[in-house]
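**Q** Sequence and predicted model, in that order:
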Amino acid sequence: MVVLGEQGFARRNSPPQLTRFNERGSSDSQEAFMKFYDCVTAPSPRRVRIFLAEKGLTVPTVQVDLRNGEQFTPAFRALNPDCMVPVLELDSGAAITDIIAICRYFEELHPDPSLMGRSAEERAVIESWLRRIEWDGIYAAQEAFRALPGPLSLEQIPALAERGRLRVQHFFAWLDARLADNEFVCGPHLADISGMVAVDFSAWAKLTPPEHFDHLRRWHKDVSTRPSAKA
């Protein structure tokens with residue numbers, strides 16, 4: 001059953017009582033429950049959805065209509081002034097607006113299966129690969145595809161878009177080299193989740209791995225056919 005909140009957010013009616021937000025962004029209800037603010041077409045929350053699926057976790061979800069500007073409503077701005085998804089709203093009312101922080105929260109509560117590492121060394125190695133994928137892959141694809149999301153209206157810069165396209169090609173090359181001797185980038189863990197999303201996001205800018213990058217293509221096929229990739 002789907003219940004519409006006051007701002008039109010679609011809310012899955014799993015818990016017995018729903019928290020609705022007024023124009024000030026505060027709760028009209030004495031009771032609250034965890035909610036994940038998502039948009040099924042956006043790459044950023046997809047990383048969290050896949051992470052949760054790998055964990056076998058489900059979270060009540062609020063779909064935010066980015067196409068029609070629902071992220072700019074007063075209620076959503078109160079949750080995240082940056083006007084972006086994902087957002088994880090906790091029972092306490094606290095809002096976590098960073099992808100890695102959201103994943104870290106669930107990893108701490110549900111450590112099995114481990115997707116961010118168990119030992120200090122493993123955690124550091126995974127995060128190192130993760131940050132490189134974000135910088136060279138996701139951010140580069142964002143440059144190539146469109147202007148930055150958020151509350152400011154910033155137009156695309158043609159030279160920056162071209163630089164992003166070159167960076168994505170570099171990303172494909174080093175990813176293929178990494179996968180030549182490794183089944184996964186680093187896992188399967190959060191780094192591989194982010195790598196898959198980066199490759200898929202690059203396709204939005206009509207950038208796909210060249211045919212001769214056999215290792216990248218093999219890996220992408222493998223991670224894309226995992227059940228969690230359909231989340």
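**A** Received the coordinates, thanks. Residues are numbered from 1 along each chain as shown.

**Q** Mind telling me which residue is nearest the centre of the protein?
**A** Nearest to the geometric centre of the chain sits residue 44, at 2.7 Å (C-alpha atoms, centre = their mean).

**Q** Distance check, it against residue 144.
**A** Distance, residue 44 to residue 144, using C-beta to C-beta, to the nearest Å: 16 Å. Just so you know, the C-beta spots here come from the backbone N, C-alpha and C atoms, and that holds for glycine as well.

**Q** residue ranges for the strands of this protein, please.
**A** Here the chain has its strands, by DSSP state E, at 2-4, 10-12, 35-38, 61-63, 87-89, 95-96.

**Q** hang on, the residue nearest to the centre of the chain packs against residue 87?
**A** No. Contact criterion C-beta atoms under 8 Å: residue 44 and residue 87 do not qualify, at 10.4 Å.

**Q** Report how many residues lie close to the spatially closest residue to residue 105 that is not a sequence neighbour.
**A** Residue nearest to residue 105 in three dimensions, not counting chain neighbours: residue 96, with 6.2 Å by C-beta to C-beta, 6 or more residues apart in numbering. Other residues near residue 96 come to 18 when the count uses other C-beta atoms under 10 Å.

**Q** Compute the distance between residue 96 and residue 209, please.
**A** Using C-beta to C-beta, residue 96 is found at 32 Å from residue 209.

**Q** Equivalent analysis for residue 60, please.
**A** 36 Å.

**Q** Equivalent analysis for residue 61, please.
**A** Distance, residue 61 to residue 209, using C-beta to C-beta: 31 Å.

**Q** Could you point out the longest helix of the chain?
**A** What stands out as the longest helix in the chain, according to DSSP state H, is helix 158-179.

**Q** other SSEs contacting it?
**A** Counting contacts by 3 or more C-beta pairs under 8 Å, 6 or more residues apart in numbering; DSSP states H and E, helix 158-179 is packed against helix 139-145, helix 190-204, helix 214-224.

**Q** Let's test this: name the helix or strand in the chain with the lowest mean pLDDT.
**A** Within the chain, no helix or strand scores below strand 2-4, which has a mean of 28 by mean pLDDT, DSSP states H and E.

**Q** about what we covered before: got the contact list for the residue nearest to the centre of the chain?
**A** If you count contacts by C-beta atoms under 8 Å, 6 or more residues apart in numbering, residue 44 has them with 84-86, 99.

**Q** switch the cut-off to 7 Å
**A** 85-86, 99 (C-beta atoms under 7 Å, 6 or more residues apart in numbering).

**Q** mind giving me the domain ranges of the protein?
**A** Annotated domains of the chain cover 2-109, 120-230 [automatic domain parsing].

**Q** which phi and psi does the nearest residue to residue 169 once chain neighbours are set aside have?
**A** Computed as C-beta to C-beta, 6+ apart, the closest residue to residue 169 that is not its neighbour in sequence is residue 207, at 7.3 Å. Main-chain dihedrals, residue 207, degrees, to the nearest 10: phi -120, psi 120.
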